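A.B. asks: Quick one: sequence plus predicted model below, questions after.
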Amino acid sequence: MQKLKKHQKIYVNRSINMASIRSLGFDMDHTLVLYNRVNFENLAFHETLKKFIANGYPEELASLKFDPNFVIRGLLVDRERGNLLKVDAHKYVKVAFHGHMKLDKAARSELYNSRGFKADDFLTVDTFFALSETQLYIEIVDYMRRNPGKIQKTFTEVYKDLREWIDLSHQDGSIKTKVLMEPSKYIVRDPHLVDTLVKLIDGGKKIFLLTNSDWAYTNSVMTYLLDNQHEEFQQWQDYFEYIIVSAGKPNFFTGTNPFYEVMTEQDGLLKLHRGPLVPKNVYHGGNAILFEKLTMQKGDQILYCGDHIYGDIMRSKELFNWRTLLVVEELYDDFKKTEKLQPELEKIMEAITVEEDLQAQVQALRSNISNQERRHKSKHRAKQDESKFLVRIAELQAELKGKEETLETQHKAIKELISTREKQFHPVWGELMRTSLEKSRFGKQIESYACLYTSRMSALRHYSCSEKLRSYRDVMPHDL
Ligand code: 5GP
Ligand code: MG
């Protein structure tokens, strides 16, 4: 196989033999369909902001600007305090902001790190749709911080309003109508989407679509992306064995909704469906138990690809044993940076080796000094050794002081190297999957829940349909 670049690869947490996968399911938004995130999130931000003002929030809010580069996925929102947090895999809050004000170490400790961490107190920014939502929350919190008393609500109440109005914006057409009016402004074509689907079909896999988007939106977006792109698959439906819209994930995996058949292309009329799912028909709703039964497949024969760790991955894997591929779009850029910054990482590792060596020397000197002092205090020592002892202790202490200073300088240099490297990924939050050199909470979740992960679903085209994807993650620290 050709040597793949990092951003072209699929990473394996759990070994999967592709030969035993009968069907591959795809989520639509941010999995098959990529969005121009700046344009899309800007639209969602401003459409929702309009609803705030229409519902009595100050007119001045209209001047709030959307910053596409502040919020990243994996952060936690503390709705009660109006804070945004980056947390490591050990639940330690490494970076925190109140609106746009950064919290110092003492504030982080007081609010979070010196207390028990209850994940339920926070919301995770885990979908792309949540980025604009969180950005708007942070802007309003910051407005409240700068203008005390102008909004007579708690941060929790503001978040509740936000949730209601962003939810409405997704349903009342204020976002989707605009996307469909100018698809080229909002939708990005993955140039390898068609090749990837065709390769999987040629490899004997059945393909299905399982999306939370409704029929009208799904049909329009998929038509834009896939119609007339391949001579054998003229219509987008031709690629898919089963098509399920308005699936309501994660409830698709936990609930008992029936399948409805979508009867007409134009108005999406629904009819309760009974009996096996008919290939090429379009279904609405449903649930995973019925899906497996009606399509005669078992969980471990299905590989589901999605971008939402909670909605697409966790439940499907935990409850149905579906194999899962998480698409983490941001890794496309992060991996390119990781490759470019490899020399910096090596420099950090070398500096850490020097630091460890210095630490050992400092420790040895401290032991030596306390050993000398103990012997000096001993009643068996010879009196004439006094002056020799004082000279020796002074020498050792001077040496220790020198080494401690060098160690401190080395420690600061490492911190600086790590921070400079992190800022290349994101000036505020650093690398998506890490905090400093350790896994971030998001990185840890990906490792725990996704069997596979990659930056684009089209990475699948680099692998054969009977490939054995092997995991090396069971290497433990003592193996290295
Ligand atoms: P999927 O990723 O499963 O293909 O679908 C995502 C769908 O969920 C999109 O149609 C998107 O508009 C919708 N969506 C994302 N966030 C929200 C939300 O907060 N409320 C509602 N009602 N829909 C949402
Ligand atoms: Mg999605």
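C.D. replies: Perfect, thanks for sending it. Ligands and ions are numbered 1, 2, ... in the order given.
A.B. asks: Okay, buried residues for the biggest helix by length in the chain please.
C.D. replies: Longest helix in the chain, counting residues (DSSP state H): helix 386-425. Applying a neighbour-count criterion of 16 or more other C-beta atoms under 10 Å, one finds 396, 400, 403, 407, 410, 414, 417-418, 421-422, 425 buried in helix 386-425. Just so you know, the C-beta spots here come from the backbone N, C-alpha and C atoms, and that holds for glycine as well.
A.B. asks: Same check on stretch 471-480?
C.D. replies: Residues of stretch 471-480 classed as buried: none (neighbour count, 16+ other C-beta under 10 Å).
A.B. asks: what do you get for stretch 210-226?
C.D. replies: Residues of stretch 210-226 classed as buried: 210-213, 215-219, 221-222, 224-226 (neighbour count, 16+ other C-beta under 10 Å).
A.B. asks: ok, now how distant is Thr338 from ligand 1?
C.D. replies: 26 Å (C-beta to the nearest ligand atom, to the nearest Å).
A.B. asks: i'd like the first residue to be 21 from this point on
C.D. replies: Noted, 21 is the first residue going forward, which turns the last one into Thr358.
A.B. asks: what does the stretch 171-320 of the chain have sitting close to ligand 1?
C.D. replies: Contact residues, the stretch 171-320 of the chain versus ligand 1 (C-beta under 6 Å from any ligand atom): 186-187, 190-191, 231-233, 237, 269.
A.B. asks: which ones among the buried residues of stretch 230-246 are found in strands?
C.D. replies: Assigned to strands by DSSP state E, the following of the buried residues of stretch 230-246 qualify: Leu230.
A.B. asks: In helices, which of the buried residues of stretch 230-246 fall?
C.D. replies: Filtering these for helices - DSSP H - leaves 235-239, 241-242, 244-246.
A.B. asks: ok, back up a step: can you say which two of the buried residues of helix 406-445 are spatially most distant?
C.D. replies: Leu416 and Phe445 (43.6 Å; C-beta to C-beta).
A.B. asks: Do I have it right that Gln255 meets Gln249?
C.D. replies: No - judged on C-beta atoms under 8 Å, Gln255 makes no contact with Gln249 at a distance of 10.1 Å.
A.B. asks: out of the two, which sits in the busier spot?
C.D. replies: Just comparing Gln255 and Gln249: by other C-beta atoms under 10 Å the higher neighbour count belongs to Gln249, 16 against 12.
A.B. asks: Wait, a strand at the more buried one?
C.D. replies: No - read with DSSP: H, G, I helix; E, B strand; the rest coil, Gln249 is coil and lies in no strand.
A.B. asks: ok, for it, nearest residue in space, not its chain neighbours?
C.D. replies: Leaving out its chain neighbours, the residue that sits closest to Gln249 by C-beta to C-beta, 6 or more residues apart in numbering is Val214, at 4.9 Å.
A.B. asks: And the one you found, how far from ligand 1?
C.D. replies: With C-beta to the nearest ligand atom as the criterion, Val214 and ligand 1 are 19 Å apart.
A.B. asks: which SSE is that residue in?
C.D. replies: Take DSSP states H and E as the rule and Val214 turns out to sit in helix 213-222.
A.B. asks: buried ones in that helix?
C.D. replies: 213-214, 216-221.
A.B. asks: Okay, now the unreliable bits of the stretch 271-420 of the chain?
C.D. replies: 285-288, 399-404 (pLDDT under 70).
A.B. asks: And the strands in it, which stretches?
C.D. replies: 279-282, 290-292, 302-305, 322-326, 343-347 (DSSP state E, counting those that start in this stretch).
A.B. asks: The last one relative to strand 322-326, how many degrees between them?
C.D. replies: Between the axes of strand 343-347 and strand 322-326, defined by axes from the mean of the first three to the mean of the last three C-alpha atoms, to 10 degrees, the angle is 20 degrees.
A.B. asks: Tell me which other helices or strands strand 343-347 touches.
C.D. replies: strand 322-326, helix 335-340, helix 461-469, strand 472-474 (3 or more C-beta pairs under 8 Å, 6 or more residues apart in numbering; DSSP states H and E).
A.B. asks: Dig out what Lys122 forms beta bridges with.
C.D. replies: Bridge pairing for Lys122 (DSSP bridges) gives the partners Phe117.
A.B. asks: thought it was touching Ala116?
C.D. replies: Yes - the criterion here is C-beta under 8 Å, and Lys122 meets it with Ala116 at 7.4 Å.
A.B. asks: Just want to know which of those two has more residues nearby.
C.D. replies: Set side by side, Lys122 and Ala116 show more neighbours around Ala116, with 24 against 12, by other C-beta under 10 Å.
A.B. asks: which residue packs closest to that one, ignoring adjacent ones?
C.D. replies: Leu123 (4.2 Å).
A.B. asks: Need the per-residue pLDDT for the one you found.
C.D. replies: Here the pLDDT value assigned to Leu123 is 97.
A.B. asks: quick one: contacts for it?
C.D. replies: Residues in contact with Leu123 (C-beta atoms under 8 Å, 6 or more residues apart in numbering) are 103, 116-117, 131.
A.B. asks: Determine which two of those residues are furthest apart.
C.D. replies: Most distant of the contacts of Leu123, by C-beta to C-beta, are Phe117 and Leu131, 12.0 Å apart.
A.B. asks: more neighbours, the two?
C.D. replies: Remark: of Phe117 and Leu131, Phe117 carries more neighbours, 21 against 17, as counted by other C-beta under 10 Å.
A.B. asks: Relative to the whole chain's centre, how far out is stretch 93-103?
C.D. replies: Relative to its chain's centre, stretch 93-103 lies at 15 Å (C-alpha atoms, centre = their mean, to the nearest Å).
A.B. asks: returning to what we had before: where is pLDDT lowest across the contacts of Leu123?
C.D. replies: Within those, lowest confidence goes to Leu131 (94).
A.B. asks: So that one lies in a helix, does it not?
C.D. replies: Yes - counting by three-state DSSP, Leu131 falls inside a helix.
A.B. asks: Just list the residues touching Ile195, thanks.
C.D. replies: Counted by C-beta under 8 Å, 6+ apart, Ile195 has contacts 60, 63-64, 67, 189.
A.B. asks: Nearest to Asn167 among these?
C.D. replies: Glu67 (23.2 Å).
A.B. asks: Quick check: which element contains the closest one?
C.D. replies: Going by DSSP H and E, Glu67 is part of helix 57-74.
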